[in-house]
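**Q** Need a 3D model of the sequence below.
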Amino acid sequence: ILVRLADALVLVGQTEEYRETLERARWLIDAYPGTASMADRLEVRAAELTMRALAVGDASVLAAAESILATPALPPTARARLLGGLGRAAAATGTVAELRRGARQLARSAQLFTQSGAGIHAAASLTVAAIHANLPLGRYDLALEQLDQALHAGRDTPRARVAVLSHRPFVLIDLGRYQDAETDLAVLRRSAHGAGTTGNDRAAAYARWGAAGSASQRGAEQPTWAACQAVASSSAIIGTDDHAAFAVDAAQLLARVGRTGEARRFLHDAQQRQPGSPTTLLLSNFVVAAHAGEYDRAIAALAALEDGGVVLPRDRWRVTLLHAHVRRLHGHDDASALSAAAFEQAAQLGFPDLPLIREPQIARGLRRLGSPHSASMQELGLDDGIRLRVLGELSVERDGAAIGLGGRTGELFALLALLGRSVTVDRAIDALWPGEETRKGRERLRTVLHRTRTNHGPLIERRGSRLQLDADVQIDVEEFLERVRRARSTQTQPHLAASVAIDAYTGKAAPGYDDHRWVMTIRRHLERELLEMHDLMIAAAEQAGQLDEAIRAAEAATVIDVTAEHYHLTIARLLAEQGHGRRALWRLTDIRSTLLEQGLVPSPELRRLEAYLARRLGT
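**A** The predicted model follows:
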């Protein structure tokens, strides 16, 4: 009875109570040796060894468990229990060979439990095999198959179903099957609020953890952050490592959406909860640094990962892809070969599109680099995507050929590209035909949409009262803003990321529509973002003593906004520091004239610097 109670406790995550209950069972066997059958004694011994094998991974304990397996009188359930414990312990070592061995032992454990009529125990072994052995090996199909078998085995026990559903959505999210995952997460949320279900808080925590993973892969920053915070504040037991696994994963989820500061806090928390340098922590440290664009830190973390742990098949392609990303940011030629290798490693698992699902922003950014070297990338058609250019030109690029956009069609594409891919019908009519009567405006919009579909295909859809740009269309503005975000959040050498962002800005937004107020408003916003990148470049160059480089960065900024006085002041000051006082004075005289022509008043700082230089030069 105590062993069965212990099984029920471990299913709902009450690991401490599980251990205490098994200790009571062992005490009972020792205290009353004549009252228990050989089968009962073996059952309790098997359960105890399984618990100890999972808790400490002691080689002597594992050897004892192996020796009991050779006992002919061992009951099938005890044999199944020991195989499950040995399989889980083997998988915990993290090596590919041991993961495969653990997967075999756990599968055999589930088979024996099923034959013994112990459906809940079979469900537990199947779940452990799926999540802790086959998923790390990248065997997604097998993992899902085993989880579905576990759901069937535990179909009559709500607790068992909830235990399986706490893990199944994570496999689905990895594969980009968000709708299927949401179905499971909804069941977890409902069970969290249902009456009489053990582990309510635990189910809720897993539901939010899954929601964070889904939001992160789809680039939703705020939902990712909110879900991670909800799990972090929960008192529920998730996993068996005092929240360390969640903290490690949360760091990666937050790094993907640009929350580098919070990601590092979760990393620190994981280190406190799980001292040492387990592979998962080393991997997370590299992922966070790579997403932040911190080259030196990322390369050091990669070296530690390669030296200190085994990169599993599930993660190998991702490590290679992120390595390619940071190498590309730093201008290294091997980024193309690395990006191709990442897609080939994903294809080796049977899912060549994994990079586009789990790291969509980075994978798309590397697609052109790696495509010539990767058959998998070419089969996916990654080099033949549809790209909407709004910066410097207005065009749709398909299969490498650009088609220029103009008129109302171009204006509608620009509107959607610059306003987050979706606008209301009324907003579109107001932008394209200001002051137009509603009925007439809707007729004109239908004509434009028909023309757009005829010339460019179904890139713009009308969904009720909204117009939506197809999700697969890549937009240069979005790529520029993503690079700005990364530069802003990067803590080490942000000027490198800033230079990448500057390169992505190929000209003013929506050229040809200068007379549209909404275009000018957004253009000014983008230019402010661009100027901030130049600020990072100027500051880094000055700090490094590279005054010529700082002057060039400031000169580039004045091209964007000739009336931005502080850049002219920076140029004059740096010229004076180099001993070019007369050139510095000419610069100030010129900008003062420009400002006055524009109806602007030069600042007192400009006048003071101009007077100071004039006195020094005796003019």
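**Q** what's near enough to touch the nearest residue to residue 493 once chain neighbours are set aside?
**A** Nearest residue to residue 493, sequence neighbours excluded (C-beta to C-beta, 6 or more residues apart in numbering): residue 295, at 6.3 Å. In short, each C-beta sits where N, CA and C put it, glycine included. Under the criterion of C-beta atoms under 8 Å, 6 or more residues apart in numbering, the contact list for residue 295 reads 326, 329, 330, 492, 493, 496.
**Q** try 10 Å this time
**A** For residue 295, the contacting residues are 289, 326, 327, 329, 330, 331, 332, 490, 492, 493, 496, 497, by C-beta atoms under 10 Å, 6 or more residues apart in numbering.
**Q** buried sites along the helix or strand where the first one lies?
**A** So the one you mean is residue 289. Here residue 289 sits within helix 279-291, counting by DSSP states H and E. Buried residues in helix 279-291, counted by 16 or more other C-beta atoms under 10 Å: 279-291.
**Q** which one of these is nearest residue 120?
**A** Checking those against residue 120 with C-beta to C-beta, the nearest one is residue 280 at 28.5 Å.
**Q** Name the secondary structure element that contains the residue nearest to the closest one when sequence neighbours are not counted.
**A** Distances taken as C-beta to C-beta, 6+ apart place residue 248 nearest to residue 280, at 4.9 Å, with adjacent residues excluded. Assigned by DSSP H and E, residue 248 falls within helix 244-256.
**Q** Show me where the chain has its strands.
**A** 386-389, 395-398, 401-404, 422-424, 460-463, 466-469, 474-475 (DSSP state E).
**Q** Turn those strands into JSON lines, including mean neighbour count, distance to residue 552 and mean pLDDT.
**A** Listed next are the strands of the chain as JSON lines, based on neighbours: other C-beta atoms under 10 Å; distance: least, C-beta to C-beta, whole Å; pLDDT from 0 to 100:
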{"stretch": "strand 386-389", "mean neighbour count": "19", "distance to residue 552": "26", "mean pLDDT": "87"}
{"stretch": "strand 395-398", "mean neighbour count": "18", "distance to residue 552": "30", "mean pLDDT": "83"}
{"stretch": "strand 401-404", "mean neighbour count": "10", "distance to residue 552": "30", "mean pLDDT": "76"}
{"stretch": "strand 422-424", "mean neighbour count": "15", "distance to residue 552": "39", "mean pLDDT": "93"}
{"stretch": "strand 460-463", "mean neighbour count": "14", "distance to residue 552": "41", "mean pLDDT": "87"}
{"stretch": "strand 466-469", "mean neighbour count": "18", "distance to residue 552": "37", "mean pLDDT": "92"}
{"stretch": "strand 474-475", "mean neighbour count": "18", "distance to residue 552": "29", "mean pLDDT": "90"}
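**Q** how about those in TSV, adding distance to residue 37?
**A** Shown next, in TSV, are the strands of the chain (distance: least, C-beta to C-beta, whole Å):
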stretch	distance to residue 37
strand 386-389	71
strand 395-398	75
strand 401-404	80
strand 422-424	69
strand 460-463	68
strand 466-469	68
strand 474-475	69
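**Q** which residues touch the residue nearest the centre of the chain?
**A** Nearest to the geometric centre of the chain sits residue 256, at 3.4 Å (C-alpha atoms, centre = their mean). By C-beta under 10 Å, 6+ apart, residue 256 lies in contact with 213, 215-219, 221, 224, 263, 287-288, 291, 358-362.
**Q** Does the residue nearest to residue 280 touch residue 272 like I think?
**A** No - judged on C-beta atoms under 10 Å, residue 248 makes no contact with residue 272 at a distance of 11.9 Å.
**Q** And those two? Which one has more around it.
**A** residue 248 (26 against 11; other C-beta atoms under 10 Å).
**Q** Run through the residues that contact that one.
**A** The neighbours of residue 248, taking C-beta under 10 Å, 6+ apart as the test, are 241, 266-267, 269-271, 273-274, 278-285, 287.
**Q** Pull up the per-residue confidence for it.
**A** For residue 248, the pLDDT comes out at 93.
**Q** hang on, the earlier thing: return the member of the buried residues of helix 279-291 nearest to residue 236.
**A** Residue 236 lies nearest to residue 280 out of those, by C-beta to C-beta, at 20.3 Å.
**Q** roughly how far apart are that closest one and residue 387?
**A** Noted for residue 280: a distance of 36 Å to residue 387, by C-beta to C-beta, to the nearest Å.
**Q** before we move on, the earlier item: which PyMOL command selects the buried ones in the contacts of residue 256?
**A** Restricted to buried positions by 16+ other C-beta under 10 Å, the PyMOL selection for those reads:
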select buried, resi 213+215+216+217+218+224+263+287+288+291+358+359+361+362
